[in-house]
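[1] model the following, please.
(chains A, B, C and D, ligands or ions: 2)
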Number of protein chains: 2
Amino acid sequence: MPELPEVETVARSIKKEFLNCKILRVRVTDCRLREPVAVDYPSQIAGGVLQDVSRRGKYLLMRLRHAAASEVLFHLGMSGRMLLTTEFHPHERVRIEFDRGCLVFIDPRRFGFTRAGAHLADSLTLGPDALDISRAQLKAILTGKREIKEVLMMQNRIAGIGNIYASEILFVAGIHPLTPADAVTGQAVYRLQQAIYHVLREAIRLKGSSIADFYYGKAQQGGYQNRFKVYDREGASCITCGTKIIKIRQCGRSTWFCPQCQVR
Amino acid sequence: MPELPEVETVARSIKKEFLNCKILRVRVTDCRLREPVAVDYPSQIAGGVLQDVSRRGKYLLMRLRHAAASEVLFHLGMSGRMLLTTEFHPHERVRIEFDRGCLVFIDPRRFGFTRAGAHLADSLTLGPDALDISRAQLKAILTGKREIKEVLMMQNRIAGIGNIYASEILFVAGIHPLTPADAVTGQAVYRLQQAIYHVLREAIRLKGSSIADFYYGKAQQGGYQNRFKVYDREGASCITCGTKIIKIRQCGRSTWFCPQCQVR
DNA sequence: CCAAGGAACAGAGA
DNA sequence: CTCTCTGTTCCTTG
Ligand SMILES: [Zn+2]
Ligand SMILES: [Zn+2]
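    Ligands and ions are numbered 1, 2, ... in the order given. The predicted model follows:
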């Protein structure tokens, strides 16, 4: 799950719980993530006071005062979660103990990572954030023969969209996922921009999608998984026209769409 | 059971019984396998004459003449068996009636499948067959940090080895199952190649392993289950040094080994 | 530069 | 006793 809406949900829950709280202790239960957790990670952030929590694309950024490192960065990968709990979890990797409670990073598949330092956001080569990309910016990234589905997921062009929301957005925009990016022009650009905004906003409002055991904060579940229009609905009826939803393979990932409503 | 030696045994028994025999009728008793049996499966192979029976990794391949489909492919999954019998079996899924008798595919757990068509073997992304992998080929697949036990079971790297023979082979080679694949070098590669060859050859000679009610052909049993050196022998004494055999969990499967004889 | 595939990883589900 | 799929990203190979 951890695409833009899920990371946004997580960021908000952490901010609500721990803003201005102090980090007492940091425990790295298992450092073997996509990027190994640095040995000095705990000492870099211990003693820090949480000054802000924000999101950049799918990255989570925490700003600290009074710690060696001024920032902590997280990427949740495929299966990463951030829980507010004191209980131990089998796939727990990092535990940050605030004065008001614990924040636990759980990541069964180890595709996520965390890093402490300064100006960490600057090192990320991200395009404009999907939530507030302008129409001109969107138009500018729709270049080349790559398929539009793939381009929507290129974090260096537009940040925050992953495999679930790419399919959902293209359905709402009425655009066929195999369309070359540079063939998305005119009205379609406008529809795409609207679809990106509305799909992501609605998903954030519902606290993201909870599939495969995803939850956030105090083991709460999101609700967008009940609103999927095409994702994981192969063979089911299109909610608009009744045609059977099709699943195809695009650059190693699954894409779902309605062959009737989504034209090239 | 259906790893390389069992599938080889099954292939030989079918070839011996039905080579050049004609398929009179095909009945799909229950099409709900891992991959549903195609509706036109019976019509694709009825009338065919069995020209050859072979094995690719754990797959069974039958070549036909005079039928719409030139090949029939089987994978036995976890619990699949091929019996030469006229009697009905409770977990029977497909029955192929030759002029000389019946071939029945039985699969209680439904993890196997069968498919008719042309060039079916080409669609399988299998590595070199474990029975005739060269030392250079073996060396080439021993890359990455994955554990050697897991790599031996990756069908796209080396085809035919499953959970039973992986443990047996590593014991004979004197290699610890947790060793990273890229740390298996030099003499160990040679020992591994030899172990693969000899363990599988011996198992084929004994008609495979019969556990959990596996049998083949005319309800015959294999004999390799009486030769297991480590598989399913947790707590028993190592046949070489007397140390107690240990069972561990590796990527969701059980692995058995001798902590004394098998070093990293 | 682009495209495609693999690698890293663990669990669920068929 | 099996295989394929999954929310991501990065690297290598043409
Ligand atoms: Zn439709
Ligand atoms: Zn021993």
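[2] now name the helix or strand holding the closest residue to ligand 1 within the stretch 51-200 of chain A.
    Proximity of the stretch 51-200 of chain A to ligand 1 (Cβ to the ion) peaks at residue A:171, 8.1 Å away. Using the backbone N, CA and C atoms, a C-beta is placed for each residue, glycine as well. If you go by DSSP states H and E, residue A:171 is part of helix A:163-173.
[3] helices or strands up against whatever helix or strand comes next after that helix?
    Proceeding N to C from helix A:163-173, the next assigned helix or strand is helix A:187-205, under DSSP H and E. Applying 3 or more Cβ pairs under 8 Å, 6 or more residues apart in numbering or on different chains; DSSP states H and E, one finds that helix A:187-205 contacts helix A:4-18, helix A:135-141, helix A:163-173.
[4] pick the most deeply packed of these.
    Stretch with highest mean neighbour count among these: helix A:163-173 (a mean of 25; mean count of other Cβ atoms under 10 Å in any protein chain shown).
[5] between that helix and helix A:187-205, how big is the angle?
    Angle of helix A:163-173 versus helix A:187-205, following axes from the mean of the first three to the mean of the last three Cα atoms, to 10 degrees, is 130 degrees.
[6] what mean pLDDT does helix A:163-173 get?
    If you average the pLDDT over helix A:163-173, you get 97.
[7] near DNA strand D at all, that helix?
    Yes: using Cβ under 7 Å from any atom of the strand, helix A:163-173 reaches DNA strand D at A:163-164.
[8] near DNA strand C at all, that helix?
    No: taking Cβ under 7 Å from any atom of the strand as the criterion, helix A:163-173 and DNA strand C are apart, separated by no less than 12.4 Å.
[9] show the contacting residues for the nearest residue to residue A:183 once chain neighbours are set aside.
    Distance criterion Cβ to Cβ, 6 or more residues apart in numbering or on different chains; nearest residue to residue A:183, sequence neighbours excluded, is residue A:264 at 7.4 Å. When contacts are counted by Cβ atoms under 8 Å, 6 or more residues apart in numbering or on different chains, residue A:264 touches A:176, A:178-179, A:183.
[10] redo that, cut-off 10 Å
    Residues counted as contacts of residue A:264 (Cβ atoms under 10 Å, 6 or more residues apart in numbering or on different chains) are A:148, A:175-180, A:183-184.
[11] how close does it get to residue A:171?
    14 Å (Cβ to Cβ, to the nearest Å).
[12] now do the same contact list for the residue of the stretch 51-200 of chain A closest to ligand 1.
    Residue A:171 neighbours (Cβ under 10 Å, 6+ apart): A:177, A:195, A:199, A:228-231, A:233, A:238-240, A:245, A:256-258, A:261-262.
[13] what subset of those is buried?
    Burial by neighbour count, judged by 16 or more other Cβ atoms under 10 Å in any protein chain shown, picks out A:177, A:195, A:199, A:228-231, A:233, A:238, A:245, A:256-258, A:261-262 from the contacts of residue A:171.
[14] give me the subset of the residues you listed lying in helices.
    A:195, A:199 (DSSP state H).
[15] can you measure across stretch A:181-193, start residue to end residue?
    Terminal residues of stretch A:181-193 lie 14 Å apart, using Cα to Cα, to the nearest Å.
[16] could you check that stretch and say which residues are buried?
    In stretch A:181-193, counting by 16+ other Cβ under 10 Å, buried: A:181, A:184, A:188-189, A:191-193.
[17] span of stretch A:104-117 from start to end?
    Termini of stretch A:104-117 sit 19 Å apart (Cα to Cα).
[18] go ahead and confirm residue A:150 touches residue A:253.
    Yes: the criterion here is Cβ atoms under 10 Å, and residue A:150 meets it with residue A:253 at 8.7 Å.
[19] I appreciate the help and will end here.
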